[in-house]
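Asker: Give the three-dimensional model of this entry:
(chains A and B)
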Amino acid sequence: AQSVTQLDSQVPVFEEAPVELRCNYSSSVSVYLFWYVQYPNQGLQLLLKYLSGSTLVKGINGFEAEFNKSQTSFHLRKPSVHISDTAEYFCAVTPSNRDDKIIFGKGTRLHILP
Amino acid sequence: EAQVTQNPRYLITVTGKKLTVTCSQNMNHEYMSWYRQDPGLGLRQIYYSMNVEVTDKGDVPEGYKVSRKEKRNFPLILESPSPNQTSLYFCASSPPTPLAQYFGPGTRLTVL
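Answerer: Below you'll find the model as predicted:
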């Protein structure tokens, strides 16, 4: 079975500082990986995804993530955050042999400090 | 505009009173899914559908029913709601698999 661990439930960071949101997964088969963002009082929106190819994936709003197979990680990064990045971020995985399934992490709330 | 709509957005009901939350998408997506979001638990999948008349259980299907008679609609039915089903519910759709899901705005359900 697959599982997703987001190590930090909340991350405070000052505006214009860099941020990294951590995501680790467990799976016996290869996986597809996703980051979704949920702005206050809204549904989720896809930020970026890794299906295959380059391990560095660029998404919307200046975010990027790097797939590290040996460490089973898919950490999300942004070099300089803005107040508008205040949101909850979810990591998710889909096993390559069951692409009808998706498992979400518990989320990381990003607080931007002025 | 491509979108997933849910109705109602907010609902307060009482234990045992059957209810239906509707979900509709206008993108001709094959895959549709329902999730519940609870504090500290993230999103958990309730049911999903790969296409018309094809549905399957997710991780927390107990107490819920779904149907997929048309491609665009995927209603969530609570035959006898209980307080532990108080939650924020999201519907989502995507092309054949959940590799790029579009989410609805959510339905906040309170069962008294």
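Asker: For residue B:42, which non-adjacent residue is spatially closest?
Answerer: Residue nearest to residue B:42 in three dimensions, not counting chain neighbours: residue A:106, with 3.8 Å by Cβ to Cβ, 6 or more residues apart in numbering or on different chains. (C-beta placed from N, C-alpha, C; glycine too.)
Asker: Hmm, I typed the wrong one, I wanted residue B:99.
Answerer: With sequence-adjacent residues excluded and distances taken as Cβ to Cβ, 6+ apart, residue B:99 is closest to residue A:32, at 6.2 Å.
Asker: give me the low-pLDDT residue ranges for chain B?
Answerer: Nowhere does chain B drop to pLDDT under 70.
Asker: interface residues of it facing chain A?
Answerer: On the criterion Cβ under 8 Å from any Cβ of the partner chain, chain A has as its neighbours in chain B the residues B:4, B:31, B:33, B:35, B:40-45, B:48, B:50, B:56, B:59, B:90, B:92, B:97-106.
Asker: Report the central residue of chain B.
Answerer: Within chain B, one residue has its C-alpha closest to the average C-alpha position: by Cα atoms, centre = their mean, that is residue B:34, at 3.1 Å.
Asker: which strands and helices sit next to the helix or strand harbouring that one?
Answerer: Secondary-structure element containing residue B:34, defined by DSSP states H and E: strand B:31-38. Based on contacts counted as 3 or more Cβ pairs under 8 Å, 6 or more residues apart in numbering or on different chains; DSSP states H and E, the elements that strand B:31-38 packs against are strand B:19-25, strand B:42-51, strand B:87-94.
Asker: still on that earlier bit, show me just the buried residues among the residues of chain B next to chain A.
Answerer: In terms of neighbour count (16 or more other Cβ atoms under 10 Å in any protein chain shown), the buried residues within the residues of chain B next to chain A are B:4, B:31, B:33, B:35, B:42-45, B:48, B:50, B:90, B:92, B:97-99, B:101-104, B:106.
Asker: where's residue B:28 relative to residue B:94, distance?
Answerer: Between residue B:28 and residue B:94 the distance is 11 Å, computed by Cβ to Cβ, to the nearest Å.
Asker: Neighbour count: those two, which is higher?
Answerer: Here residue B:28 and residue B:94 are compared on neighbour count by other Cβ atoms under 10 Å in any protein chain shown; more neighbours surround residue B:94, at 21 against 10.
Asker: partners of that one in the sheet?
Answerer: Beta-bridge pairing of residue B:94, defined through DSSP bridges, involves residue B:31.
Asker: and it, what is it in contact with?
Answerer: Going by Cβ atoms under 8 Å, 6 or more residues apart in numbering or on different chains, residue B:94 touches B:29, B:30, B:31, B:100, B:101, B:102.
Asker: same thing but 6 Å
Answerer: If a contact means Cβ atoms under 6 Å, 6 or more residues apart in numbering or on different chains, then residue B:94 has B:29, B:31, B:100, B:101 as its contacts.
Asker: Residue A:91 too?
Answerer: Residues counted as contacts of residue A:91 (Cβ under 6 Å, 6+ apart) are A:4, A:6, A:23, A:35, A:105.
Asker: Can you report how many residues neighbour residue 62?
Answerer: Went with chain A since none was named. Neighbourhood size, residue A:62 [other Cβ under 10 Å]: 13.
Asker: Switch to chain B, please.
Answerer: Using other Cβ under 10 Å, the number of residues around residue B:62 comes to 8.
Asker: can you pull out the strands in chain A?
Answerer: For chain A, strands defined by DSSP state E occupy the ranges A:3-5, A:10-14, A:19-21, A:24-26, A:31-38, A:44-50, A:56-58, A:64-68, A:73-78, A:87-95, A:103-104, A:108-113.
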